[in-house]
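Asker: build me a model:
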Amino acid sequence: MKKMMRQWLCVGLLVSVAGISPVAANAQDVTVLVQKVKAKLEKVSNYVAEGKMKTDVAFIKAPAGKVKIYYKQPNKFKLKRDGGISLLPKGGVSVNMNSLLTDNNYMAIDAGEALLDGKKVRVVKLLPTSENSDVVLTTLYIDEPNLLIKKASTTTRENGTFEMAMEYGKFASYALPDKVIFAFNTKDYKLPKGITMEFDTGDKSKDGKMKNKKGRVEIQYTSYVINKGIPDSEFL
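Answerer: Below is the predicted model of the structure:
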């Protein structure tokens, strides 16, 4: 027994001398994981994607339709919808993970593991280190073996909380989803300046504000053209 205790004391001493604690080790571990996920995302410098979008927001009359999406590093993004403008809540317009990991101004915290659709995922919380960041907290649910973000929940100061759930298939090697489901609270929905839309008045409270309901936008991607180049003029 005494011999075993001495062995444990030696291990503890070595850990202390090395300046490593289990908490610090876990933090380093998830930081490396997030960097690997980011590196996989950065393999795509630009893409043009086509797909179908369904909008389930009570106060917006928007039928399902085809969309074309443009992305270019580090943060250029544009979504065009056949027959009109497609709107998503400000702060979550990218509908992809690139926008959340464009810089390294965050601290990664290990939040353990969880089951998502019956599969084990690693849960990582990202805390911004910049005081000026609009993002308060982001929680990532990562498929660790494949370095894919399966779900993300982001809380912002100005635009409420939104969630993204991703399903991957033939574009998984580029960390590009076949399907994205974007959910948000309608009371936090902010329309861009100059845009007016038809509203269902039954979804407003007595003071004229939107009721707190869930909005949902679903994009099913049908094709990607990856790393073929996009002129900046396309985003004007």
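Asker: Q35: which element?
Answerer: Using DSSP states H and E, Q35 maps to helix 22-41.
Asker: the helix or strand following that helix packs against which elements?
Answerer: Reading on from helix 22-41 to the C-terminus, the next helix or strand found by DSSP H and E is strand 46-56. Secondary-structure packing of strand 46-56 (3 or more Cβ pairs under 8 Å, 6 or more residues apart in numbering; DSSP states H and E): strand 65-72, strand 214-226. Where C-beta positions appear, they are placed from N, C-alpha and C, glycine not excepted.
Asker: in the first one, what's buried?
Answerer: Meaning strand 65-72. Residues of strand 65-72 classed as buried under the neighbour-count rule (16 or more other Cβ atoms under 10 Å) are V67, I69, Y70, Y71, K72.
Asker: and of those, the nearest to K80?
Answerer: V67 (6.5 Å; Cβ to Cβ).
Asker: how about the nearest residue to the closest one, chain neighbours excluded?
Answerer: Using Cβ to Cβ, 6 or more residues apart in numbering and skipping the chain neighbours, the partner closest in space to V67 is M53 (4.5 Å).
Asker: same question, D178
Answerer: In space, D178 is closest to G169, 4.0 Å off (Cβ to Cβ, 6+ apart).
Asker: so where's this structure uncertain?
Answerer: Scanning the chain for pLDDT under 70 picks out the ranges 1-28, 58-62, 83-97, 99, 186-213.
Asker: tally of neighbours for G169?
Answerer: 10 (other Cβ atoms under 10 Å).
Asker: for it, give its distance to M107.
Answerer: G169 sits 32 Å away from M107, going by Cβ to Cβ, to the nearest Å.
Asker: tell me where the chain has helices.
Answerer: Here the chain has its helices, by DSSP state H, at 2-18, 22-41.
Asker: next, the contact list for L126, please.
Answerer: With contact taken as Cβ atoms under 8 Å, 6 or more residues apart in numbering, L126 is in contact with V34, L100, Y106, M107, A108, I109, L137, T138, T139, L140.
Asker: 7 Å - rerun?
Answerer: Y106, A108, T138, L140 (Cβ atoms under 7 Å, 6 or more residues apart in numbering).
Asker: what subset of those is buried?
Answerer: The neighbour count (16+ other Cβ under 10 Å) marks Y106, A108, T138, L140 as buried among these.
Asker: nearest residue to the last one in space, please, no chain neighbours.
Answerer: Residue nearest to L140 in three dimensions, not counting chain neighbours: V124, with 4.7 Å by Cβ to Cβ, 6+ apart.
Asker: how about the first one?
Answerer: Counting by Cβ to Cβ, 6+ apart, L126 is the residue found nearest to Y106 once chain neighbours are left out, at 4.4 Å.
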